[in-house]
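J.: need a structure here:
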Amino acid sequence: MKKYLLSIFAVCVSISLFAQEAEKPSPWKCTGVVGLNASATGLVNWSAGGNNNINGVAFGKVRLLYAEDNLSWETNLNLEYGLSYIDQKFDPFQKSSDVIDFKTKFGWQFHKAWYLTVSGGFKSQFDLGRAYDGSEAEDPVVSSFLSPSYTDISVGIDWKPNSIFSIYVSPVAGQITTAFVGDKLNEKYEGLRQQMQDKYATWSYSEEANADGTYDKIYKNFKAELGLTVKGAINYTYKDLKIITSVGLFTPYAWDKTEMFDAEGNFVGYRDNNRRFGNFDVDWDAAISYQFLKCLNVTLSTSLKYYNGVKVANADGVLAERVQFKSVLGLGVGYSF
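T.: Residues are numbered from 1 along each chain as shown. Take a look at the predicted model:
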């Protein structure tokens with residue numbers, strides 16, 4: 001009788017352990033939203049002016065999480081591409097949105113919500129970019145496939161009190177800005193390589209001055225910097241509402257305020273081109289998405305950027321460091337998961 005009871009007990013324990021193993025939740029979690037927003041405007045004898053146009057933006061935002069024991073791995077991918085068709089003779093197809101944004105970080109938990117973390121990221125675009133000025137001529141090209149691009153890798157401390165919010169600080173952060181233009185593209189759009197390298201500040205001044213006291217610009221395909229970075233992120237889901245936002249700050253460990261002058265003695269800037277410690281680059285993205293009727297989706301996306309040393313022209317053509325801002329509000333078909 002004892003043998004039977006022991007056998008039954010052993011079987012029950014085995015079944016219980018097997019059930020617990022089978023019910024163990026997966027360490028992987030994937031969330032995101034994909035969709036297509038579109039709009040169309042038709043005008044007939046419209047006194048206020050304007051052109052017929054059709055707009056479309058395809059987008060996808062995916063977040064992949066892994067958490068088990070003391071290890072944590074988070075990867076975010078944001079892809080977006082939009083085109084507008086405008087009923088006009090020159091440049092009827094115009095790019096309205098173009099984003100490749102990849103971020104990943106792997107951390108080891110050493111105390112409660114604190115993680116020793118390795119982080120990496122890559123930001124760029126899919127297609128040629130033009131400065132649309134509305135003139136009756138081909139608009140100038142100002143960017144191309146994967147150029148410019150921004151690559152960063154760092155080691156630091158990540159504070160993650162929950163799966164929604166995190167703050168990351170790294171005193172050892174590398175950033176590479178690339179403005180590469182191939183020979184064929186540079187020949188097709190004459191001078192594009194130097195224009196882009198000038199615009200995205202991948203150049204540096206020569207070590208020695210010329211006889212007249214000026215310094216030459218040395219143009220490069222990329223520029224690497226070491227500095228301090230701070231990043232924050234929120235990824236929140238409540239029923240059919242999703243809020244995704246991230247902000248990144250970077251300042252290089254550089255300091256050279258030697259004044260630079262041209263041959264006429266006019267001040268042209270500092271030797272470090274404002275790329276010095278304490279001057280922070282800002283990169284902030286946010287998206288709010290709400291899904292209703294199972295397949296319809298309304299999305300508001302915003303992006304704010306400020307890069308020291310990167311000069312942007314205003315309506316009068318004056319170049320200066322400026323805050324760049326973009327917002328896209330769209331209604332279309334989408335799927336959240």
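J.: alpha carbons only for contacts and neighbour counts from here, please
T.: Fine.
J.: now tell me what touches stretch 206-223 from outside.
T.: Contacts with stretch 206-223, where a contact means Cα atoms under 8 Å, 6 or more residues apart in numbering, come from 176-181, 194, 197-198, 201-205, 260-263.
J.: just the CA atoms of it, as PDB, please.
T.: Output of stretch 206-223 as PDB, limited to C-alpha atoms (Å, rounded to 0.1, in the frame of the first residue of the first chain):
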ATOM      1  CA  SER A 206      43.500  72.200 -40.700                       C
ATOM      2  CA  GLU A 207      46.000  72.000 -37.900                       C
ATOM      3  CA  GLU A 208      48.200  74.700 -39.300                       C
ATOM      4  CA  ALA A 209      47.200  78.200 -40.500                       C
ATOM      5  CA  ASN A 210      47.900  79.500 -44.000                       C
ATOM      6  CA  ALA A 211      50.300  82.400 -44.600                       C
ATOM      7  CA  ASP A 212      47.400  84.900 -44.400                       C
ATOM      8  CA  GLY A 213      46.300  83.400 -41.000                       C
ATOM      9  CA  THR A 214      43.300  81.500 -42.300                       C
ATOM     10  CA  TYR A 215      42.600  77.800 -41.900                       C
ATOM     11  CA  ASP A 216      41.400  75.400 -44.500                       C
ATOM     12  CA  LYS A 217      38.400  73.100 -44.100                       C
ATOM     13  CA  ILE A 218      39.200  69.400 -44.400                       C
ATOM     14  CA  TYR A 219      36.200  67.600 -45.700                       C
ATOM     15  CA  LYS A 220      35.500  64.000 -44.500                       C
ATOM     16  CA  ASN A 221      32.900  61.300 -45.200                       C
ATOM     17  CA  PHE A 222      32.300  61.000 -41.400                       C
ATOM     18  CA  LYS A 223      33.200  62.500 -38.100                       C
END
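J.: pairing partners for the lengthiest strand in the chain, with directions?
T.: When the chain is parsed with DSSP state E, its longest strand is strand 93-111. Sheet pairing here is set by DSSP bridges, and for strand 93-111 it gives strand 71-86 (antiparallel), strand 114-124 (antiparallel).
J.: could you dump that strand to CSV, C-alpha only?
T.: The C-alpha trace of strand 93-111 is given here as CSV (Å, rounded to 0.1, in the frame of the first residue of the first chain):
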residue,chain,number,x,y,z
PHE,A,93,6.1,64.0,-56.2
GLN,A,94,7.6,65.3,-53.0
LYS,A,95,8.8,63.4,-50.0
SER,A,96,6.9,64.3,-46.8
SER,A,97,8.5,61.9,-44.3
ASP,A,98,11.5,59.6,-44.3
VAL,A,99,12.8,57.9,-41.1
ILE,A,100,15.0,54.9,-40.3
ASP,A,101,15.5,54.8,-36.5
PHE,A,102,17.0,51.7,-34.7
LYS,A,103,17.8,51.6,-31.0
THR,A,104,19.0,48.7,-28.9
LYS,A,105,20.4,48.3,-25.4
PHE,A,106,21.5,45.2,-23.4
GLY,A,107,21.7,45.4,-19.6
TRP,A,108,22.7,43.4,-16.6
GLN,A,109,20.8,44.2,-13.4
PHE,A,110,23.2,44.8,-10.5
HIS,A,111,20.8,46.4,-8.0
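J.: can you name the residues in contact with it?
T.: Outside strand 93-111, the residues that touch it by Cα under 8 Å, 6+ apart are 57, 70-86, 115-127, 129, 158.
J.: and the residues you listed, which are buried?
T.: 57, 72-86, 115-127, 129, 158 (16 or more other Cα atoms under 10 Å).
J.: measure Leu241 to Val247 for me?
T.: Distance, Leu241 to Val247, by Cα to Cα, to the nearest Å: 20 Å.
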